[in-house]
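**Student:** dropping a prediction and its sequence here:
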Amino acid sequence: MTKKIMLIKPAYETDAVWDTIRTSHPLGLWWIGSALKERGHEVRLLDETVRGGGLEKKIMFRREVDGTESRDIPSELSYQDFQLQKMHDFNNLSPDEFAEKYSAFRENKIVRDMVRTGNAIEETLEEIGKMDPNFVGIPIFASCNYPAALTLANAVRTHYPRTKIVMGGQHATAQPEDVLAGGADYVIIGDAVKAMINLVEDGSNMRLIFGGVSNIGDFPLLDMDLMAENSYPLRPTHTYNTQGRKSVDYMFSKGCYRSCEFCVAGEKENQISTTRLEQINEQLKRFADAGIEEIVVQDDAFLFKPQTNLKSYLALMKKHGLYWQDNGGIEFEGLTPAVIDMLIEYQTIGGGRINSLYVPLNPRTGTHTESALKDMKRRFATHFSHIKVLRESGIYVCTSEIIGYPGQTLESMDEDIVLHQQLVREGYVDKSMTFVTSTLPGTKLHREHHQNIVNHTDWASYSNFVPQSRTETVRDIHDIERMTVRRNKAMNDVQVSYAWGSTFPNE
């Protein structure tokens with residue numbers, strides 16, 4: 001029997017002081033919806049951050065977190081006025097003065113100035129009413145958006161009690177019982193493409209459904225019509241400027257082998273799987289036919305087996321004359337001479353070019369009592385000339401550092417600032433982003449260092465940009481805030497920082 005399914009990416013709630021407003025195509029929802037539609041079901045996919053001009057709808061509020069209790073308080077501030085004042089203070093106050101004025105950590109509770117970006121709940125409910133779906137799927141794509149997802153789920157339950165609510169994603173996989181208690185009828189743990197099909201078509205006696213780890217080669221082609229009502233800006237909010245080219249996020253593979261402690265992709269059960277080349281070719285053709293000119297690569301292991309995989313991916317993108325950039329992270333260690341040659345060749349032959357590469361130089365494993373970049377320079381000295389070659393070929397190259405990683409001291413963080421400034425000044429990279437340790441549920445970092453988190457239910461802090469955790473030697477969270485401001489100021493002295501990669505842009 002044909003069912004009606006609405007998949008909804010909720011509006012985005014972020015810390016207005018520390019966080020950026022970054023949104024991208026929800027690939028997981030897109031694959032789920034495409035698979036269901038392929039089987040004859042009626043499917044709508046709503047990205048409420050962008051649909052109907054959602055990015056222009058910004059509402060400020062204040063969130064107070066006291067122990068396990070949290071409450072949101074309406075604010076009279078406009079987002080534009082708040083940002084103007086914040087940037088004025090950032091440019092005119094010292095790091096210590098700015099951090100004192102804007103600190104979220106107040107006595108025994110956390111107080112954050114927040115912004116909600118996207119359509120109001122009432123607008124989303126109106127669209128649900130038009131369809132009257134059997135199922136509504138809501139992802140918790142990261143722990144920072146857990147409250148927004150629960151708010152939407154409970155609104156759906158109140159207004160449409162017959163509709164079954166299905167939730168999944170990173171946070172639901174890490175803490176499924178809490179999500180179930182929070183408002184879901186079903187929680188899918190792990191990959192949801194096959195699990196959602198089985199639930200829709202066969203039902204389930206279990207409310208916790210184990211999706212396991214799927215092979216990306218079994219995923220369907222992305223249905224372009226399914227995403228048509230979501231208007232993503234020509235200038236992306238989450239990655240480097242495409243210069244007016246229409247872009248789309250895409251993954252050629254899933255899983256990783258680097259085992260970065262802060263990331264779920266490197267968990268040992270997440271073995272790397274790749275999409276069949278004929279399927280990639282057809283997908284790229286669909287993208288090109290829909291007017292897509294640039295691919296934003298989100299793979300966690302894009303350089304895995306480069307002589308076979310990367311070589312094939314590049315050949316297919318070149319065949320369709322596509323520009324591309326990497327947003328998921330090109331591993332610095334993998335930039336061998338052979339890989340560099342492949343990338344440079346893409347820059348010189350035929351249509352399409354490489355627009356940007358993100359090459360992280362931040363800690364991945366263990367504790368770091370010294371500068372992570374200093375360690376990289378010692379172990380991979382020859383690779384630094386490689387990234388300079390990429391930049392000199394016309395590719396925008398950016399990197400990052402993580403503030404507050406386990407083992408770091410204030411001295412090692414200061415040393416990293418100087419070394420990253422040097423990278424920019426000497427022409428190795430265009431920009432070095434300032435990340436802050438996000439001790440994400442479901443990761444090794446969370447399992448081994450969760451005690452460093454100030455408050456585990458401070459959901460807005462589970463972001464790459466928001467101070468959240470202490471280190472073993474830096475026990476005052478205010479020091480992490482001060483260091484975050486100090487690094488942003490120092491990097492702005494030597495680079496252009498854009499809003500997609502910094503909450504303190506100087507563009």
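**Tutor:** Done, it's in.
**Student:** which regions of the stretch 401-507 of the chain sit below the pLDDT cut-off?
**Tutor:** Scanning the stretch 401-507 of the chain for pLDDT under 70 picks out no residues.
**Student:** what does the chain give?
**Tutor:** In the chain, residues with pLDDT under 70: 265-270, 363-368.
**Student:** in terms of residue numbering, what are the domains of this protein?
**Tutor:** Under the assignment automatic domain parsing, the domains of the chain span 4-57+118-217, 240-358.
**Student:** now find how far off-centre the first one is within its chain.
**Tutor:** Translated: domain 4-57+118-217. Relative to the chain's own centre, domain 4-57+118-217 is displaced by 16 Å; criterion: C-alpha atoms, centre = their mean, to the nearest Å.
**Student:** quick one on the thing from earlier: which one, of the domains of the chain, ends up nearest to Ile453?
**Tutor:** Among the domains of the chain, domain 4-57+118-217 comes nearest to Ile453, with 10.9 Å by C-beta to C-beta. (Each C-beta comes from the backbone N, C-alpha and C, glycine too.)
**Student:** how long is stretch 360-371 end to end?
**Tutor:** Chord length of stretch 360-371, first to last residue, is 14 Å (C-alpha to C-alpha, to the nearest Å).
**Student:** please apply the same query to stretch 460-480.
**Tutor:** 16 Å.
**Student:** stretch 487-505 too?
**Tutor:** So stretch 487-505: terminal residues 13 Å apart, C-alpha to C-alpha.
**Student:** Lys285 touches His320, doesn't it?
**Tutor:** Yes: between Lys285 and His320 there is a contact under C-beta atoms under 8 Å: 6.5 Å.
**Student:** so for Gln422, which of the domains of the chain sits nearest?
**Tutor:** Of all the domains of the chain, domain 240-358 comes closest under C-beta to C-beta, at 16.1 Å.
**Student:** for the domains of the chain, give me a markdown table that also has distance to Leu373.
**Tutor:** Below are the domains of the chain laid out as a markdown table (distance: least, C-beta to C-beta, whole Å):
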| stretch | distance to Leu373 |
| --- | --- |
| domain 4-57+118-217 | 22 |
| domain 240-358 | 10 |
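**Student:** out of the ones you listed, which is the most enclosed?
**Tutor:** Mean neighbour count (mean count of other C-beta atoms under 10 Å) peaks for domain 4-57+118-217 among the domains of the chain, with a mean of 20.
**Student:** first-to-last residue distance for that domain?
**Tutor:** 26 Å.
**Student:** tell me who's in contact with Ala301.
**Tutor:** By C-beta atoms under 8 Å, 6 or more residues apart in numbering, the residues touching Ala301 are 253, 255-258, 265, 272, 331.
**Student:** among the residues you listed, which one sits closest to Thr503?
**Tutor:** Ala265 (24.4 Å).
**Student:** which SSE is the residue nearest to Gln175 when sequence neighbours are not counted in?
**Tutor:** Using C-beta to C-beta, 6 or more residues apart in numbering and skipping residues adjacent in sequence, the residue nearest Gln175 is Pro441, 5.7 Å away. Assigned by DSSP states H and E, Pro441 falls within no helix or strand.
**Student:** surely Pro441 meets Ala174?
**Tutor:** Yes: with contacts counted by C-beta under 8 Å, Pro441 reaches Ala174, the gap being 3.6 Å.
**Student:** got any residues that touch both of these two?
**Tutor:** Ser143.
**Student:** ranges for the strands of the stretch 301-450 of the chain?
**Tutor:** 323-326, 354-358, 396-403, 431-436 (DSSP state E, counting those that start in this stretch).
**Student:** helices or strands next to the second one in the packing?
**Tutor:** When contacts are defined as 3 or more C-beta pairs under 8 Å, 6 or more residues apart in numbering; DSSP states H and E, strand 354-358 packs onto strand 323-326, helix 337-348, strand 396-403.
**Student:** in a markdown table, list these along with distance to Phe219.
**Tutor:** Compiled in a markdown table, the helices and strands packed on strand 354-358 are given as follows (distance: least, C-beta to C-beta, whole Å):
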| stretch | distance to Phe219 |
| --- | --- |
| strand 323-326 | 20 |
| helix 337-348 | 25 |
| strand 396-403 | 29 |
